[in-house]
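A.B. asks: Below are the sequence and a predicted model; questions follow.
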Amino acid sequence: MSLILLIEQVLNGLQFGIMLFLMAAGLTLIFGVMGLINLAHGSLYMIGAFCAAAVAAATGSFVLGLIAALAGAAIAGALVELVVIRRLYDKDHLDQVLATFALILIFSEGTRWIFGSFPLFLDVPDFLSGPVTLPGGIEYPLYRLTLIVVGLLVALGLYLLISKTRLGVQIRAGENDREMIAALGIDIAKLYTIVFALGAALAGLSGALVGAIQSVQVGMGEPVLILAFVVIVIGGIGSIKGALIGAILVGLTDTLGGIFLPELLKLFFDPSTATSIGSSLASMAIYILMAAVLVLRPAGLFGARA
Amino acid sequence: MKLVTMAAAAALAVGLSGAMAEPVKVGMITTLSGGGAGLGIDVRDGFMLAVKQAGHEDLEVVIEDDQRKPDIAVQLADKMIQSEKVDVLTGIIWSNLAMAVVPAATAQGKFYLSPNAGPSVLAGKGCHPNYFNVAWQNDNLHEAAGAYTNFAGHKNAFILAPNYPAGKDALTGFKRFYKGDLAGEIYTKLGQTDYAAEIAQIRASGADSVFFFLPGGMGISFLKQYKDSGVDLPVVGPAFSFDQGILQAVGDAALGIINTSQWNKDIENPANKAFVEAFQAEYGRLPSLYASQGFDTANLLLSAMEKADVKDADAFRAALEAAEFQSTRGEFKFGPNHHPIQDIYVREVVKEGDVYTNKIIGTALTSHADAYWSDCNM
């Protein structure tokens, strides 16, 4: 295995992790501030991708598609919060899981009703397509590099939002003691709607960005949702920093595990068996990572609450 | 209106030609929601088009959605057999669902006509007199891809498929016919959407070609990412990643790619020409291979209904075995294990106007039977 291949795979893991972070950040924010388990987060990811595909197809502009994804997912998120989620805050987690699972079904069938059952076309824009040569002779797709940069910028933006702005102060206060900030005269209902829309917009952005290199189809959000839950459990529920570190850990483990485990096993088994066992083990790698983190730190890497 | 008239005329013709047997009730269990619904919808639409064209009053079809979940498929099959009292079951797309439903249904004396899934077990040791596969055995299109890879002169192929039974059937099938070396062999996760790591391995492996079996959304993701990576090795695959439903989502990234299929819309025969035209008129889109399989399944059933009463299982089975219907694939016959013996074609992805589609450029295997029939004792 050459160094170039290794670096390329690390970049792949990083890119995968950063896209997971966009999903996980919204999920952990919503759980941290409102104590709500939102299974329908994956549907917001799907809505982002479908909005982007529809607008990009109509206008021919990928950038307009991205804006539509952000706006569409944020609006869908705000609506869902106002109509459904608002009634769930003082219910227990089981009710929340049931209600948001129902939302998944409604969104999936609603999307099928509007767009049909066949996948939609969304492609990387021309100015970002094709590979670039990095120092050291590594050929890497420009679009994936862009995803890494965009993801890191969003992470920086979130950090500034949470630590430097008034809204950020309210969000942090809401995580710590929601009765108290309500008593201090903050409109908690409005804050919740804003946080939910923000989380939804991040999911929508992630769906649109990833949709350009994957398949835009009904049900695309659920596999990502599971990974995003793994990320926030590893990172510590409610922690944005934890979500970033957790997402990158999961991205790297998943990508590198998929390559090195079969190679490692080839030392002990014949190639065909090694590939088969190695791929099975690699699928488990992130869950083993999660279990290990939970044994050592039951609240996750950066979790405040157990 | 036109269709209704046509159906009425057809019904009249059938009525005149005699032999009205007992009514036949068909239970169709297929995937109509969730990921992969496109395949089930195509099978259903193809099947129902044939039913509508025949206008047979004695044929009743009950359609249910299995949501691609084996447990739901089993419940539906039980319901159809016990309370709906169907005579024939059909419709299942996925091999794991077929394995959950078919053995139980045939053991209860029902006929099962598979319009898609063809797991190796049901073609070999687990074959059954009441089980007929109208599409293919799972390995077939991959075997053809292996044969084509030899023909194209590739000597060092990199092969990948998802880590589940049909994925293993795929690589086994490919290797059964492919004679060159393997630059690499990877099983990916089922449902995986990011192939950056695999593409990097392909780039580093020194391969001269790539064979992949990644059905549905997985194939869309792979092709888009492959094109964007700048790796330009020739790619070969089975038709499952290049069917009419998903080509539009892949776009230019699929152009020129070679794939293998038992059917295409340009196969020259009157039945196929009429099918493609009628499907477009009825549903406003081009049919996929899945639609052709659904259509052929219904026509096989209708041909058997003409000759025998479904309550007389032996006669009905013999009528199915004879397979006297106009297949969209041209000549069609069953092997001893009730799986098709058929030609498998090489297709190329082309653009016709604004629509991405396939055209046949050659034949990979002629009168090809599956590799498991000798294990079948029935």
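C.D. replies: Looks like it arrived, so ask away. Note that this is a predicted model, so its numbers are computed, not measured. Residues are numbered from 1 along each chain as shown, chains lettered A, B, ... in the order given.

A.B. asks: From now on I want contacts and neighbour counts done on CA atoms only, so please keep to that.
C.D. replies: Noted.

A.B. asks: give me the element residue B:362 is part of.
C.D. replies: strand B:355-368 (DSSP states H and E).

A.B. asks: what's that strand packed up against?
C.D. replies: Packed against strand B:355-368, as judged by 3 or more CA pairs under 8 Å, 6 or more residues apart in numbering or on different chains; DSSP states H and E, are the following elements: helix B:140-151, helix B:244-250, strand B:340-352.

A.B. asks: Pull up the gap between the residue nearest to residue A:161 when sequence neighbours are not counted and chain B, please.
C.D. replies: Distance criterion CA to CA, 6 or more residues apart in numbering or on different chains; nearest residue to residue A:161, sequence neighbours excluded, is residue A:168 at 5.4 Å. Taking CA to the nearest CA, to the nearest Å as the measure, residue A:168 falls 34 Å from chain B.

A.B. asks: Need the three-state assignment for residue A:168.
C.D. replies: Classification of residue A:168 by DSSP: H, G, I helix; E, B strand; the rest coil places it in helix.

A.B. asks: Compare the helices and strands packed on strand B:355-368 and report which one is nearest to residue A:11.
C.D. replies: The closest of these to residue A:11 is helix B:244-250. By CA to CA, the value is 24.5 Å.

A.B. asks: Buried residues in the helix or strand just after that closest one, which are they?
C.D. replies: Moving toward the C-terminus from helix B:244-250, the next helix or strand (DSSP H and E) is strand B:258-261. Residues of strand B:258-261 classed as buried under the neighbour-count rule (16 or more other CA atoms under 10 Å in any protein chain shown) are B:258-261.

A.B. asks: where does chain B dip in pLDDT?
C.D. replies: Applying pLDDT under 70 to chain B flags residues B:1-22, B:35.

A.B. asks: Ends of stretch B:149-167, what's the gap?
C.D. replies: End-to-end distance of stretch B:149-167 (CA to CA, to the nearest Å): 18 Å.

A.B. asks: and what of stretch B:315-330?
C.D. replies: Span of stretch B:315-330 from end to end, CA to CA: 25 Å.

A.B. asks: got a list of contacts for that stretch?
C.D. replies: B:129-130, B:262-263, B:267-269, B:271-272, B:275, B:292, B:296, B:299-301, B:303-305, B:307-310, B:332-334, B:338 (CA atoms under 8 Å, 6 or more residues apart in numbering or on different chains).

A.B. asks: And stretch B:294-309, by the same measure?
C.D. replies: B:19-22, B:24, B:42-51, B:54, B:91, B:113-115, B:134, B:315-316, B:319-320, B:323-328.

A.B. asks: which parts of chain B sit against chain A?
C.D. replies: Contact residues (CA under 8 Å from any CA of the partner chain) of chain B with chain A: B:33-35, B:37-38, B:163, B:185-189, B:191, B:193-194, B:196-197, B:200-201, B:204, B:217-218, B:220-222, B:224-225, B:227-230, B:245-246, B:248-251.

A.B. asks: Tabulate the CA atom coordinates of the least confident helix or strand in chain A by mean pLDDT in CSV.
C.D. replies: The weakest-scoring helix or strand in chain A, judged by mean pLDDT, DSSP states H and E, is helix A:178-183 (a mean of 84). The C-alpha trace of helix A:178-183 is given here as CSV (Å, rounded to 0.1, in the frame of the first residue of the first chain):
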residue,chain,number,x,y,z
ARG,A,178,-34.7,25.9,30.1
GLU,A,179,-37.0,27.0,32.9
MET,A,180,-34.5,29.6,34.0
ILE,A,181,-34.1,31.2,30.5
ALA,A,182,-37.8,31.3,30.1
ALA,A,183,-38.1,33.0,33.5
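
A.B. asks: packing partners for that helix?
C.D. replies: helix A:166-176, helix A:188-211.

A.B. asks: Can you add mean neighbour count and give those helices back as JSON lines?
C.D. replies: Conversion of the helices and strands packed on helix A:178-183 to JSON lines gives the following (neighbours: other CA atoms under 10 Å in any protein chain shown):
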{"stretch": "helix A:166-176", "mean neighbour count": "17"}
{"stretch": "helix A:188-211", "mean neighbour count": "26"}
